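Participant: fold the following and give me the result.
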Amino acid sequence: MVSSEELAEAVWSEQRPSSWPKVIQGCVVRLRKILGVRAIETLPLGYRLAVPLDDLDAQRFERAIGRGRALLAADEAERSALVLADALTLWRGPPLTELESWDTARIEAERLGELLHAAEELYVDAALRSGQHQEVLAKAQTLVNEAPLRERRWVLLATAQYQAGREAEALRTIHRLRAVLNRELGLDPSSDIDSLEQAILRQDPSLVAEHALPDPDRDCPYPGLKAYDLDDADTFFGRDADIAACLRKLADTSVLAVVGPSGCGKSSLVRAGVAASLRRDGQRVVVMTPGTHPVAALTATLPTTGPAPALVVDQCEEVFSLCTSVSERDQFLSALNAHQAVAPLVLSFRADRLADISSHPVFARTVEQGLYLLSAMKEDDLRAAIEQPARLASLVVEPGLVDLLVNEVADQPGALPLMSHALGETWQRREGRTLTVAGYNASGGIRGAVAQSAEQVYERIPPEQQPVLRDLLLRLVTPGPEGEPIRSRLPRRLVVTGPDDASMIDLLAGARLVTSDEGVVELAHESLARAWPRLRGWLDDDLEGQQILHHLARTADSWDGLGRLTVSSIAGYGSRARQSGGTARLRR
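Facilitator: As a prediction, the model looks like this:
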């Protein structure tokens, strides 16, 4: 609390005008207009600033010094250096220069200045302990030049010179320190200086920081909502037992059908696990998803020459959820049966669509031979899936973060893409090479990271662009028979009808919410529709209209692909749209 008299002293010193109480009140009113009406509290004896402490750079700076010192004491020198470097960026010149004549402000400015000196020295110390002598050698020399009577700065400079292989320069620095202290203060240096000199002369190994870890990879080691793919096998961990069991079943029956709920890791297992293992063993492997026209997709995937490759059909349930032609569906499933007779066949199915297979007895018997139910990952496997990709990327995972993630994901088989996305968002908020609990909490965690990322994208774009985002996402989600969201894969030509659509896809792809590969656009994972309340609300607003829209879009594309030889199907769907009163929005 600061009294009105103290504020008047700060403004006018000893020569305040007779109207000073009214002027102070007017100043407070203007400040409230800038900072917010509740930013300054009026108390019986004065005023008090009521903004959050994080809004004050001096408070943030002081807390950062305490954290940097604690990290250094805990032998986490690299993280300490990062925290202190960030804290030093808060300084933009001498503090409180407008109030130099006010004793209270002058005392506070001197205190902050001393904290700055301590923070600079602590930063160089932490950097030297983490093997970053080249980065701070010039900084150490500058610190000595700015305050030559601060003995610790000479110690840091001599240590940096020694670590850089300049032993003679380090010894000369110590000799110069003795001369400066004797000339300016008539003092000898402390015993620590003598100890440092002797350590340099005998080349004490303790003066050299332990070998630093290699620089962390610039790319995030977690794929987020996307599945691990064939080329990601080296960073795919936690499913060793499942991969081995799947390969044994495939060897016995020539067919493998991995079944599990959405989000349990089926795609990653069949791609980065099973398919990558087959490829390492010299087997030719091709991967496809059925989409709306599975026969055409299969024809485009299989080679026309050479021996038949191992065929991986990921998200095989799409043949029932997206393909509307019964004859094309039967043709595709018959082709899979035929392929299994000559080469390995690997399928992944969502468990809730498994009953659809029963209407195709021959294909059902094929699936039954290779059925593998994928369960939730065990605790040790989850730890491997979290820690091992980070280790390969030269990152460190804070132990508390691993425990937190394991507790939240355990017994939740559909949470793996959410965990991967949350880890990706934690990586964005990392401290140096360390993934922290604080970064994870800031991301929104397992339950909130996807929704938070999507909502940030939505709020970041101008209001006039938000309907473009809405329409785009609704085209990428197909309502199932019961209204459940099903990810829809669409050719880019059907989605991009103008520059606004193209830039929106780039924005969503950058946030890892959609993928745009090989001319096809799709949601990164169906969990986006479940985890983001706004998108779920859009879907619920007009379920029937959305179903009609997707029917029209697919049929129009087919008609266009056939040279527009018939319009009967389009007429039929148009009639349905008129009768239902749906509000589907057609972009073309």
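Participant: I200 and A170 touch, don't they?
Facilitator: Yes: using Cβ atoms under 8 Å, I200 is in contact with A170, at 5.4 Å. Backbone N, C-alpha and C define where each C-beta goes, glycine included.
Participant: hey, what's in contact with both of the two?
Facilitator: The contact sets of I200 and A170 overlap at A158, Y162 (Cβ atoms under 8 Å, 6 or more residues apart in numbering).
Participant: dump the residue contacts of N182.
Facilitator: N182 makes contact with D188, according to Cβ under 8 Å, 6+ apart.
Participant: and the one helix or strand it maps to, what's buried?
Facilitator: N182 is located in helix 167-185, with elements delineated by DSSP states H and E. Across helix 167-185, burial judged by 16 or more other Cβ atoms under 10 Å covers A170, L171, T173, I174, L177, R178, V180, L181.
Participant: which residues touch the nearest residue to the third one once chain neighbours are set aside?
Facilitator: Beyond its immediate neighbours in the sequence, the residue positioned closest to T173 (Cβ to Cβ, 6 or more residues apart in numbering) is A158, lying 4.4 Å away. Shown here is A158, whose contacts under the criterion Cβ under 8 Å, 6+ apart are A170, L171, T173, I174, L196, I200.
Participant: follow-up on the earlier one: I'd like to know which of the buried residues of helix 167-185 is nearest to L88.
Facilitator: In terms of Cβ to Cβ, no member of the buried residues of helix 167-185 lies closer to L88 than T173, at 23.2 Å.
Participant: state the pLDDT value of that closest one.
Facilitator: If you check T173, the pLDDT there is 93.
Participant: with S453 instead?
Facilitator: At S453, the pLDDT value in this model is 83.
Participant: what's the answer for S575, then?
Facilitator: S575 is given a pLDDT of 40.
Participant: before we move on, the earlier item: so which strand or helix has the residue nearest to T173?
Facilitator: Using DSSP H and E, A158 sits in helix 151-163.
Participant: tell me how far P417 lies from L374.
Facilitator: 14 Å (Cβ to Cβ, to the nearest Å).
Participant: nope, C220 is what I was after
Facilitator: Taken as Cβ to Cβ, the span from C220 to L374 is 25 Å.
Participant: ok, R271 touching V313?
Facilitator: No: the pair R271 / V313 is not scored as a contact, 11.2 Å apart, by Cβ under 8 Å.
Participant: what's the neighbour count on A50?
Facilitator: 11 (other Cβ atoms under 10 Å).
Participant: if you could redo that for V362, that was the one I meant.
Facilitator: So V362, with other Cβ under 10 Å, has 11 neighbours.
Participant: what do you get for N407?
Facilitator: N407 has 12 nearby residues by other Cβ under 10 Å.
Participant: can you verify A257 is assigned to a helix?
Facilitator: No: applying DSSP: H, G, I helix; E, B strand; the rest coil, one finds A257 to be strand, outside a helix.
Participant: residues in contact with it?
Facilitator: Counting by Cβ under 8 Å, 6+ apart, A257 touches C316, L347, S348, F349, T366, V367, G370, L371, Y372.
Participant: tell me the secondary structure of A454, please.
Facilitator: Under three-state DSSP, A454 comes out as helix.
Participant: shaky segments in the protein?
Facilitator: Low-confidence segments of the chain (pLDDT under 70): 54, 210-214, 412-413, 479-484, 512, 516-519, 542-588.
Participant: quick check: buried residues in the helix holding A158?
Facilitator: By 16+ other Cβ under 10 Å, the buried positions in helix 151-163 come out as 151-163.
Participant: can you put the residues you listed in CSV and add distance to V124?
Facilitator: What follows is these, written out as CSV (distance: Cβ to Cβ, whole Å):
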residue, distance to V124
E151, 14
R152, 9
R153, 8
W154, 12
V155, 10
L156, 5
L157, 9
A158, 12
T159, 9
A160, 7
Q161, 12
Y162, 14
Q163, 11
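Participant: and the gap between F237 and T436?
Facilitator: Here the criterion is Cβ to Cβ. By it, F237 lies 21 Å from T436.
Participant: and what of S348?
Facilitator: Counting by Cβ to Cβ, the gap from S348 to T436 is 34 Å.
Participant: of these two, which one has the most company?
Facilitator: Between S348 and T436, counting by other Cβ under 10 Å, S348 is the more crowded of the two (27 against 19).
Participant: is it true that the more buried one touches P290?
Facilitator: No: counting by Cβ under 8 Å, P290 is not a contact partner of S348; they are 11.2 Å apart.
Participant: now do the domain split for the chain, please.
Facilitator: 4-51, 54-130, 142-212, 239-373, 448-580 (automatic domain parsing).
Participant: which residues are in contact with each of S348 and P290?
Facilitator: Joint contacts of S348 and P290 (Cβ under 8 Å, 6+ apart) are V313, Q315, C316.
Participant: quick one, longest helix in the protein?
Facilitator: For the chain, the helix that runs over the most residues, judged by DSSP state H, is helix 103-129.
Participant: mind jotting down where the strands sit in this structure?
Facilitator: Listed in chain order, the strands of the chain (DSSP state E) span 40-43, 46-49, 255-260, 285-288, 310-313, 345-350, 371-373, 396-397, 434-435, 477-479, 485-487, 490-491, 514-517, 520-523.
Participant: and those as CSV, adding distance to P216?
Facilitator: Formatted as CSV, the strands of the chain follow (distance: least, Cβ to Cβ, whole Å):
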stretch, distance to P216
strand 40-43, 44
strand 46-49, 39
strand 255-260, 33
strand 285-288, 30
strand 310-313, 32
strand 345-350, 32
strand 371-373, 36
strand 396-397, 9
strand 434-435, 10
strand 477-479, 35
strand 485-487, 32
strand 490-491, 36
strand 514-517, 25
strand 520-523, 29
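Participant: just these: most buried one?
Facilitator: Most buried of those, by mean neighbour count (mean count of other Cβ atoms under 10 Å): strand 345-350, with a mean of 26.
Participant: angle of that strand against strand 255-260?
Facilitator: For strand 345-350 against strand 255-260, the angle by axes from the mean of the first three to the mean of the last three Cα atoms, to 10 degrees is 20 degrees.
Participant: rewinding a little: select, out of the strands of the chain, the one closest to L82.
Facilitator: Comparing the strands of the chain by Cβ to Cβ, strand 434-435 comes nearest, at 8.4 Å.
Participant: separation between T426 and A77?
Facilitator: Counting by Cβ to Cβ - T426 and A77 are separated by 21 Å.
Participant: contacts for stretch 398-417?
Facilitator: For stretch 398-417, contacts defined as Cβ under 8 Å, 6+ apart pick out 224-225, 227, 260-265, 268, 374-377, 379, 382-383, 385-387, 419, 422-423, 426, 434-437, 440, 445-446, 524-525, 527.
Participant: just the buried members of these?
Facilitator: Here the buried ones among those, as counted with 16+ other Cβ under 10 Å, turn out to be 224-225, 227, 260, 262-265, 268, 374, 376-377, 382-383, 385-387, 419, 422-423, 426, 434-437, 440, 445-446, 524-525, 527.
Participant: how far off centre is the helix holding N182?
Facilitator: Centroid separation for helix 167-185 versus its chain: 49 Å, with Cα atoms, centre = their mean, to the nearest Å.
Participant: can I get it in PDB, CA atoms only?
Facilitator: Provided in PDB are the C-alpha atoms of helix 167-185 (Å, rounded to 0.1, in the frame of the first residue of the first chain):
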ATOM      1  CA  GLU A 167      45.700 -21.500 -20.400                       C
ATOM      2  CA  ALA A 168      48.200 -18.700 -20.700                       C
ATOM      3  CA  GLU A 169      45.500 -16.100 -21.000                       C
ATOM      4  CA  ALA A 170      43.700 -17.500 -18.000                       C
ATOM      5  CA  LEU A 171      46.900 -17.100 -15.900                       C
ATOM      6  CA  ARG A 172      47.400 -13.600 -17.100                       C
ATOM      7  CA  THR A 173      43.800 -12.700 -16.200                       C
ATOM      8  CA  ILE A 174      44.500 -13.800 -12.600                       C
ATOM      9  CA  HIS A 175      47.700 -11.700 -12.500                       C
ATOM     10  CA  ARG A 176      45.700  -8.700 -13.800                       C
ATOM     11  CA  LEU A 177      43.100  -9.200 -11.100                       C
ATOM     12  CA  ARG A 178      45.800  -9.000  -8.400                       C
ATOM     13  CA  ALA A 179      47.100  -5.800  -9.900                       C
ATOM     14  CA  VAL A 180      43.700  -4.100 -10.100                       C
ATOM     15  CA  LEU A 181      42.700  -5.000  -6.500                       C
ATOM     16  CA  ASN A 182      46.100  -3.800  -5.200                       C
ATOM     17  CA  ARG A 183      46.000  -0.500  -7.100                       C
ATOM     18  CA  GLU A 184      42.300   0.300  -6.500                       C
ATOM     19  CA  LEU A 185      41.600  -1.100  -3.100                       C
END
